[in-house]
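**Q** Could you work out the structure for the sequence below:
(one chain, ligands or ions: 1)
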Amino acid sequence: MIAVCGATGELGGRVAARLNARGVPIRMIVRDAARAPALDGAEVAVAAGYHAGDEMTAALRGAETVFLVSGRESPTRLDEHKSAVDAAARAGVERIVYTSFANASPDTAFILGRQHHATEEHIRASGVAYTFLRDNLYLDFVPFFASPEGVIAGPAGDGAAAFVARDDVADVAVAALTESGHDAQAYTLTGGKALTLAEAAAVMSEAIGRKVVYKDETIEEAYASRAHFGAPDWEVEGWVTSYVSIARGELDTVTDAVERLAAHPPTTLPELLERYPESWAHLK
Ligand SMILES: NC(=O)c1ccc[n+]([C@@H]2O[C@H](COP(=O)([O-])OP(=O)(O)OC[C@H]3O[C@@H](n4cnc5c(N)ncnc54)[C@H](OP(=O)(O)O)[C@@H]3O)[C@@H](O)[C@H]2O)c1
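**A** Residues are numbered from 1 along each chain as shown. So this is what the prediction gives:
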C-alpha cells in the first residue's frame with residue numbers, strides 16, 4: 001500500500017488519481033477528510049500536518065511506501081519535513097519518494113532549494129530507502145509569472161530554466177512508486193529544453209496570440225516590485241531567489257529522466273497552455 005501525502009493538492013492529487021486508476025492500493029494522508037479526492041477504494045487518513053508526528057505515524061502505519069510531497073513554504077517547513085520523515089521511519093515505512101528540487105544543495109541561490117537539500121540529508125540519515133524527484137520549476141507556473149499586463153519581471157538575466165510540467169512529475173512519481181530499481185536514486189526532472197524567460201515570453205505570445213515580454217530586473221528592483229503583495233520577507237526571498245538561481249545557470253540542465261521514467265516526451269509550453277487554458281485566463 002502506498003501512502004500519498006499532499007493528495008488535496010495538484011501534484012499529490014494527480015499521483016493519487018493515477019495510482020488509483022491502475023488499481024494500486026493507496027491511502028491518502030490529508031489534513032481535512034472533506035477535501036480528499038473521491039477515489040473508489042482509496043483509504044483516507046487524517047493528520048493535522050507534517051508537524052503532527054504522532055498523527056503522521058498513525059496515518060502511515062501499514063504503508064510500504066510514502067509519496068512525501070514537500071510542504072507549503074513556511075518558516076518552519078524544514079522542521080515539518082523532518083517530522084514527517086521521522087514519522088515514516090517510526091511507522092515502519094520501507095521507502096520514501098520525496099519531491100525535492102533541481103540542484104538542491106546547501107549553497108544554491110534559491111533559498112528553498114537549500115531546505116530541499118537539508119530534507120534529503122534527513123531522509124538519507126533516517127535509514128529508510130528513498131527516491132528523490134528533483135523537480136525543476138513547474139512549467140505550469142510560467143503563465144502565472146506574467147502579470148495581466150503581459151510582463152514577466154524578475155532578476156533572471158539571460159539564464160534559462162528547464163521547466164517541468166506537474167503532469168510529467170506525476171507520471172514519473174507513479175513509476176518510482178510502483179517499480180523496483182529506484183532505491184537511492186535522485187532524478188532531476190526537467191522539460192525537454194531550457195528556456196530563458198525572454199524565450200518563454202515569446203513562446204507564450206505565439207501560443208496565446210497576445211504579446212508577453214520579459215523585463216529583466218535587478219535584485220533590488222525585484223524586491224521593490226513585489227513589496228505591494230505584503231508577503232512576509234522569507235516568502236519574497238523565496239520568489240526572488242528562484243529568479244537569481246535561473247540567472248546563475250543553476251536550473252538549465254536538461255535530463256532525459258521524464259522520457260526514461262514516464263515513457264513519453266516531456267510536455268512543452270505550448271502543449272501545457274493548450275491543456276490548461278485557465279492558466280493564462282488573466283492574459284486574455
Ligand atoms: N517546483 C516548483 O516550481 C514548485 C513550485 C511551488 C511549490 N512547489 C512545491 O511542490 C509541492 C507540491 O506542489 P503542488 O502544486 O501540488 O502544491 P499544492 O497544490 O499547493 O499542494 C500542496 C499539498 O501539500 C499539502 N501540504 C502542504 N503543506 C503541508 C504540511 N505542512 N503538512 C501536510 N500537508 C501539507 C497540502 O495540503 P492542504 O490542501 O491541506 O493545504 C496540499 O495537499 C508544494 O507543496 C511545494 O512544496 C514546487
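
**Q** Enumerate the residues of the protein near the ligand.
**A** For the chain, the contact set with the ligand under Cβ under 6 Å from any ligand atom comprises 5-6, 8-12, 31-32, 49-50, 69-72, 80, 99, 135, 137-138, 141, 166. All C-beta spots, glycine's among them, are computed from the backbone N, C-alpha and C.

**Q** count of residues packed around the closest residue to the ligand within the chain?
**A** The chain approaches the ligand most closely through Gly9 (1.9 Å), counting by Cβ to the nearest ligand atom. Residue neighbour count, defined by other Cβ atoms under 10 Å, stands at 17 for Gly9.

**Q** excluding its backbone neighbours, what's nearest His117?
**A** Nearest-residue entry for His117: Ala104, 4.2 Å, with adjacent residues in sequence omitted and distances by Cβ to Cβ, 6 or more residues apart in numbering.

**Q** Give me the phi and psi for that neighbour.
**A** phi -60, psi 120 (degrees, to the nearest 10).

**Q** rewinding a little: counting neighbours, which of the residues of the chain next to the ligand end up buried?
**A** Neighbour-count burial within those applies to 5-6, 8-9, 11-12, 31, 50, 69-71, 80, 99, 135, 137-138, 166; the criterion is 16 or more other Cβ atoms under 10 Å.

**Q** Read off the pLDDT value for the residue of the chain most remote from its centre.
**A** Of all residues in the chain, Gly209 has its C-alpha farthest from the mean position, at 28.5 Å, by Cα atoms, centre = their mean. The score at Gly209 is 96. That number is its pLDDT.

**Q** what do you get for Ala118?
**A** 98.

**Q** would you say it is within a helix?
**A** Yes: counting by DSSP: H, G, I helix; E, B strand; the rest coil, Ala118 is found in a helix.

**Q** mind checking which helix or strand the residue nearest to it when sequence neighbours are not counted is in?
**A** With sequence-adjacent residues excluded and distances taken as Cβ to Cβ, 6+ apart, Ala118 is closest to Leu78, at 5.5 Å. Per DSSP states H and E, Leu78 falls inside helix 77-91.

**Q** okay, the angle between the helix or strand just after that helix and helix 77-91?
**A** The helix or strand immediately downstream of helix 77-91 is strand 95-101, counting by DSSP H and E. Angle of strand 95-101 versus helix 77-91, following axes from the mean of the first three to the mean of the last three Cα atoms, to 10 degrees, is 170 degrees.

**Q** which helices and strands sit right next to strand 95-101?
**A** strand 65-68, helix 111-126, strand 129-135, helix 166-178 (3 or more Cβ pairs under 8 Å, 6 or more residues apart in numbering; DSSP states H and E).

**Q** Can you say which of those is packed in most?
**A** Among those, strand 65-68 has the highest mean neighbour count (mean count of other Cβ atoms under 10 Å), at a mean of 28.

**Q** Quick one: distance of stretch 25-44 to the chain centre.
**A** From the chain centre to the centre of stretch 25-44 is a distance of 20 Å (Cα atoms, centre = their mean, to the nearest Å).

**Q** just the CA coordinates of that stretch, formatted as PDB?
**A** Taking C-alpha atoms only, stretch 25-44 is exported to PDB below (Å, rounded to 0.1, in the frame of the first residue of the first chain):
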ATOM      1  CA  PRO A  25      -4.000   0.300  -3.100                       C
ATOM      2  CA  ILE A  26      -3.400   3.800  -1.700                       C
ATOM      3  CA  ARG A  27      -4.100   5.800   1.400                       C
ATOM      4  CA  MET A  28      -4.300   9.500   1.100                       C
ATOM      5  CA  ILE A  29      -2.900  11.400   4.000                       C
ATOM      6  CA  VAL A  30      -4.800  14.700   4.200                       C
ATOM      7  CA  ARG A  31      -5.400  17.500   6.700                       C
ATOM      8  CA  ASP A  32      -9.100  17.600   6.000                       C
ATOM      9  CA  ALA A  33     -11.000  14.500   5.000                       C
ATOM     10  CA  ALA A  34     -13.700  16.600   3.400                       C
ATOM     11  CA  ARG A  35     -11.200  17.800   0.800                       C
ATOM     12  CA  ALA A  36      -9.800  14.400  -0.100                       C
ATOM     13  CA  PRO A  37     -10.300  13.500  -3.700                       C
ATOM     14  CA  ALA A  38     -13.200  11.000  -4.200                       C
ATOM     15  CA  LEU A  39     -11.400   7.900  -5.400                       C
ATOM     16  CA  ASP A  40     -13.100   4.500  -5.300                       C
ATOM     17  CA  GLY A  41     -11.500   2.100  -2.900                       C
ATOM     18  CA  ALA A  42      -8.800   4.600  -1.700                       C
ATOM     19  CA  GLU A  43      -8.300   4.900   2.000                       C
ATOM     20  CA  VAL A  44      -8.100   8.300   3.700                       C
END
